[in-house]
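Undergrad: Provided below for reference: sequence and predicted model.
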Amino acid sequence: MSLPLLLEPAQLQPLLGTESLLIIDCSSEKNFLQAHIPGSVHLPPAHLQSGVKPASGKLPTIEALSRLFSSLGLRGHHHVVALDDEGGGWAGRLLWTLDCIGHKHYSLLNGGQVAWLAEGYPVEQGAGNPQPSQFKLEAIDEAPIARLDDILAQLDEGTLAIWDARSPQEFAGTRVLAQRGGHIPGAVNLEWTELMDTERNLRLLPLTQFRQMLEQRRLTADKRIVTHCQSHHRSGLTYFVAKLLNYQSIKGYDGSWGEWGNHPDTPVTQA
């Protein structure tokens, strides 16, 4: 099955029930139970993270990921369609995770559950009916993952760019969610919510607008870009947008500010 990286609800509807399609909904449990795309399965967003403090956003273990994707029924031939109820943060985190486990066939549903419901597409209620698989992960692909030591070693290199997807207040250090507030030296701030079009049911903005926004911040395609937030949830969307723009060197820092801001030896800039 060949589908675009960014999939519209109108493109998905006629494909419902296709055996090679696995629709994974990262919405809240309440919203999923109330209404979801027919045939979709629910992934509680917290299961995409290790939950181990202070860097609770780090990738779960190989064993935990094997159990998770087996419970969802992931098989090698599946094309995954990811969605959520918030504009793409958790869905993007899921797609980053798929990159980490080597599953490259996927799309993000533009507007997610918000657009699907607002525009009257069919839904069903209840817990869903996943068909478990025997998914066994042998190794993690390190290519999509940024590590703290690697960032530290490259901070002074002009080819590295840090995309901080947090709020301006977190970036400036006036809102502190770790032992220290502020940002990684040299990082630039483009909050994840700025990527959404609130007048089009949380669809993403046009690609031309993304390019302008990123070029203004020197987050260009020739750079090696690392994106993060507090726990690599919000930056799941910024990772996806860079992929959508065909950036060839984009990594997600799953340690994010939970790790950096709580580490005693990492450099921090404020204001």
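TA: Arrived safely.

Undergrad: which residues sit in contact with R200?
TA: 111, 115 (Cβ atoms under 8 Å, 6 or more residues apart in numbering). Using the backbone N, CA and C atoms, a C-beta is placed for each residue, glycine as well.

Undergrad: I'd like the distance between it and S28.
TA: 22 Å (Cβ to Cβ, to the nearest Å).

Undergrad: Kindly report the same for L155.
TA: L155 sits 37 Å away from S28, going by Cβ to Cβ.

Undergrad: Helices of the stretch 1-150 of the chain, residue ranges please.
TA: Secondary structure of the stretch 1-150 of the chain (DSSP state H, counting those that start in this stretch): helices at 9-12, 29-34, 62-72, 89-100, 112-118, 148-154.

Undergrad: And the ones you listed: which comes nearest P54?
TA: Closest to P54 of the helices of the stretch 1-150 of the chain, according to Cβ to Cβ: helix 148-154, at 11.9 Å.

Undergrad: List the buried residues for the closest one?
TA: For helix 148-154, a neighbour-count test (16 or more other Cβ atoms under 10 Å) marks 148, 151 as buried.

Undergrad: Could you identify which of the helices of the stretch 1-150 of the chain is most buried?
TA: helix 89-100 (a mean of 26; mean count of other Cβ atoms under 10 Å).

Undergrad: Could you list the residues in contact with that one?
TA: 24, 26-27, 43, 45, 48-49, 59, 65, 80, 82-84, 104, 106, 108-109, 112, 140-141, 143-145, 192, 232-241, 243, 252.

Undergrad: okay if I get the helices of the stretch 1-150 of the chain as a markdown table plus distance to Q216?
TA: Putting those into a markdown table (distance: least, Cβ to Cβ, whole Å) gives the following:
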| stretch | distance to Q216 |
| --- | --- |
| helix 9-12 | 31 |
| helix 29-34 | 35 |
| helix 62-72 | 37 |
| helix 89-100 | 22 |
| helix 112-118 | 27 |
| helix 148-154 | 23 |
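
Undergrad: Please produce a markdown table containing these, extended by mean pLDDT and distance to E170.
TA: Output for the helices of the stretch 1-150 of the chain, formatted as a markdown table (pLDDT from 0 to 100; distance: least, Cβ to Cβ, whole Å):
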| stretch | mean pLDDT | distance to E170 |
| --- | --- | --- |
| helix 9-12 | 98 | 32 |
| helix 29-34 | 98 | 26 |
| helix 62-72 | 98 | 28 |
| helix 89-100 | 98 | 15 |
| helix 112-118 | 98 | 24 |
| helix 148-154 | 97 | 18 |
